[in-house]
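[1] Model the following, please.
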Amino acid sequence: AVLKDTLEKRGALAEIKARIRAEVFRALDDQSEPRPPLCHENLLINELIREYLEYNRYKYTASVLTAESGQPEVPLDRQFLAKELNIVEDASGKSVPLLYGILSHFLHGGKEESTLPKVSLLNYPKQNLVKPPTERNQK
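    A predicted model of the protein is given here:
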């Protein structure tokens, strides 16, 4: 019980459980059954979700999403994603997931001068700004 409490306090128990679930999912995933091809919209949506999950350090959830959806292992380039979604980023917004900018745009009723979502750092959870997301696909 003491070991369990210690692991819970450190947050390690939840991480261990998540990793076990991810590994079990991989083991049970039937690779012989082909997945339907990803449509363009699902590819973009999955990538927005993956960027959000990785930013918030939900790495096992992100790995399950990738495996289950058939999303390419290599993330889409962020600039490509922003261009496809007609998102205008300011310099500070590049350190947070695009999904935050999209949400902010709709929460504020798209009242900016442009009708395009604008990604800015002003409306994001501060606790997540300590560690910016890793540079994605500089290829």
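
[2] Where does the prediction get shaky in the chain?
    28-33, 110-139 (pLDDT under 70).

[3] Which stretches in it count as strands?
    Shown for the chain, the strands assigned by DSSP state E span residues 88-89, 118-119.

[4] Report how many residues lie close to residue 27.
    By the criterion of other Cβ atoms under 10 Å, residue 27 has 7 neighbours. The way it works is simple: take the backbone N, C-alpha and C, and place the C-beta from them, glycine included.

[5] same deal with residue 49?
    18.

[6] these two touch, right, it and residue 65?
    Yes: contact criterion Cβ atoms under 8 Å: residue 49 and residue 65 qualify, at 6.4 Å.

[7] Would you agree residue 76 is in contact with residue 45?
    No: contact criterion Cβ under 8 Å: residue 76 and residue 45 do not qualify, at 11.3 Å.

[8] Comparing these two, which residue is more hemmed in?
    Taking neighbours as other Cβ under 10 Å, residue 76 and residue 45 compare with residue 76 leading, 19 against 15.

[9] Excluding sequence neighbours, find me the nearest residue to the more buried one.
    Among residues not flanking residue 76 along the chain, residue 47 sits closest, at 4.7 Å (Cβ to Cβ, 6 or more residues apart in numbering).

[10] And for residue 54?
    Per Cβ to Cβ, 6+ apart, closest to residue 54 is residue 62, 5.2 Å.

[11] what about that neighbour, neighbour count?
    The local packing of residue 62 (other Cβ under 10 Å) involves 21 other residues.

[12] same deal with residue 92?
    Number of residues near residue 92 (other Cβ under 10 Å) recorded here: 13.

[13] and if you look at residue 89?
    Neighbours of residue 89 (other Cβ under 10 Å): 17.

[14] what does residue 16 give?
    When neighbours are defined as other Cβ under 10 Å, residue 16 has 12 of them.

[15] Next: residue 68.
    Residue 68 has 13 nearby residues by other Cβ under 10 Å.

[16] Give me the distance between it and residue 26.
    Counting by Cβ to Cβ, to the nearest Å, the separation of residue 68 from residue 26 is 10 Å.

[17] what does residue 48 give?
    On the measure of Cβ to Cβ, residue 48 and residue 26 end up 23 Å apart.
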